[in-house]
Structures are given as structure tokens and as C-alpha cells.
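Peer 1: With the sequence up front, the predicted model follows.
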Amino acid sequence: MEIETFFIEGPLLIKPTLFTDDRGCFLESFSKERYENLLGVSFVQDNLSRSKKNVLRGLHFQRPPMDQGKLVSVLSGRVLDVAVDIRSGSRTYGKHLLVQLDAENHHQFYIPSGFAHGFIALEDQTLFSYKCTQYYSKEHEGTLKWNDPDLAIAWPSEGAFLLSPKDQEGEPFNPFKSPF
């Protein structure tokens, strides 16, 4: 397993060891003990979403005490994944990371609590998997505007985006008051 860090402290790109031969491939996608030691968190809920090409989901977060860290990966297809630092005391507050995840590279992206998260499906029938460190709570959810000019996220511009009503009406980053 290889771990990649970023200029924003906290998120990690995890590259599991992939064993391949003429039959195909094998990788260990999760080990409770290994990931608890690596990340210092436990996961309590697994989620899957299937998306058509150009479906954009996010930018989502949950407020304390139901805040979530996420370990995300792609089982089929390809996404551009985004994590926005919303930790008010952070030197990288309001900055974001872009990571491409796909079923071929098998990479996992860990996004700790204190980040808004979103992605865009770059292929039809993209199956996205995420493990969460806390249960979903509608009362604690928040959504930032995906195309907020203050965040300046460089989403791919190929075709029209498909968004839920909740994601279309996300909160602007300014005057957003972070709960983190």
C-alpha cells in the first residue's frame, strides 16, 4: 500500500497493492485494523451510488456532532473527486483538492471530517463507494454551492451537469460560517 499526502493536511490518497496475473487482479480493499491504525478512525456505514455521466454530487458535509470522515473509491467507471477544506482554523481554509478515481487504478481517497466533498461522474454507470465514520443525519447535513466562484473548482466542462435540487441550491461559500 502506498500513501500520498497533499498540500492540504488531512486527506490521503491510498493506493492499495494490486496483484495481477493472466487471470486478472486481486487487492485487499479494506482491513479494519489496518485502516484504523492508518487513519485513526473507525467506519460505521458503507454507501454506494450509481451515476450517469455528468452527474455532479456535492459539495456535502455533516455538522458536528454527526460530522463524517469518508473513504471513497470507484468500483466501475471514473470520477473527478473534490474535497474542500472547511476547517475555519486551517491555513488552507477554502482550498480544495481534485483527485481522479477509477475502476482501473483502484485508488482510495480519504477525506477527514471538516471537509466538504463532491464528485462528478466522468462515465456512464459509475459505481461510487464510500465508507463513513458517522451515520447519516439529515438534521446535520450541509451543502455548499458546487460552482461557487470563491471556491473556483475546475469542474470538467464536457456536457451539461446533472444535479439534484439540493445540490443546485447549495449554500454560497461567502458568507458561510463553518461549524469546524
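Peer 2: Looks like it came in fine. Numbering: from 1, shown residues only.
Peer 1: center of this structure - which residue?
Peer 2: The chain has His117 as the residue nearest its centroid, 4.7 Å off, counting by CA atoms, centre = their mean.
Peer 1: Report the beta-bridge partner residues of that one.
Peer 2: In this entry, His117 is beta-bridged to His60, Ala83, by DSSP bridges.
Peer 1: how much space is there between it and Arg34?
Peer 2: Distance, His117 to Arg34, using CB to CB, to the nearest Å: 22 Å. Placement of C-beta: from N, CA and C, glycine included.
Peer 1: hang on, the earlier thing: so the residue nearest to the centre of the chain is in contact with Ile111, correct?
Peer 2: Yes: at 5.1 Å, His117 counts as touching Ile111 under the criterion of CB atoms under 8 Å.
Peer 1: what touches both of those two?
Peer 2: 70, 72, 83 (CB atoms under 8 Å, 6 or more residues apart in numbering).
Peer 1: who are the neighbours in contact with Ala83?
Peer 2: Counting by CB under 8 Å, 6+ apart, Ala83 touches 8, 11, 96-97, 99, 109, 111, 115-117.
Peer 1: can you put these in TSV and add secondary structure?
Peer 2: As requested, those are exported to TSV (DSSP: H, G, I helix; E, B strand; the rest coil):
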residue	secondary structure
Ile8	coil
Pro11	coil
His96	strand
Leu97	strand
Val99	strand
Phe109	strand
Ile111	strand
Phe115	strand
Ala116	strand
His117	strand
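Peer 1: ok, so of those residues, who is nearest Arg50?
Peer 2: Nearest to Arg50 among these, counting by CB to CB, is His117 at 17.5 Å.
Peer 1: Pull up the gap between that closest one and His96, please.
Peer 2: Separation of His117 from His96 (CB to CB): 10 Å.
Peer 1: okay, and the common contacts of those two?
Peer 2: Common neighbours of His117 and His96, counting by CB under 8 Å, 6+ apart, are 82-84.
Peer 1: Dump those to JSON lines, plus pLDDT and distance to Asn47.
Peer 2: Output for those, formatted as JSON lines (pLDDT from 0 to 100; distance: CB to CB, whole Å):
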{"residue": "Val82", "pLDDT": "98", "distance to Asn47": "17"}
{"residue": "Ala83", "pLDDT": "98", "distance to Asn47": "16"}
{"residue": "Val84", "pLDDT": "98", "distance to Asn47": "19"}
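Peer 1: Include distance to Ser90 when you put those into TSV, please.
Peer 2: Listed next are the shared contacts of His117 and His96 as TSV, based on distance: CB to CB, whole Å:
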residue	distance to Ser90
Val82	16
Ala83	12
Val84	11
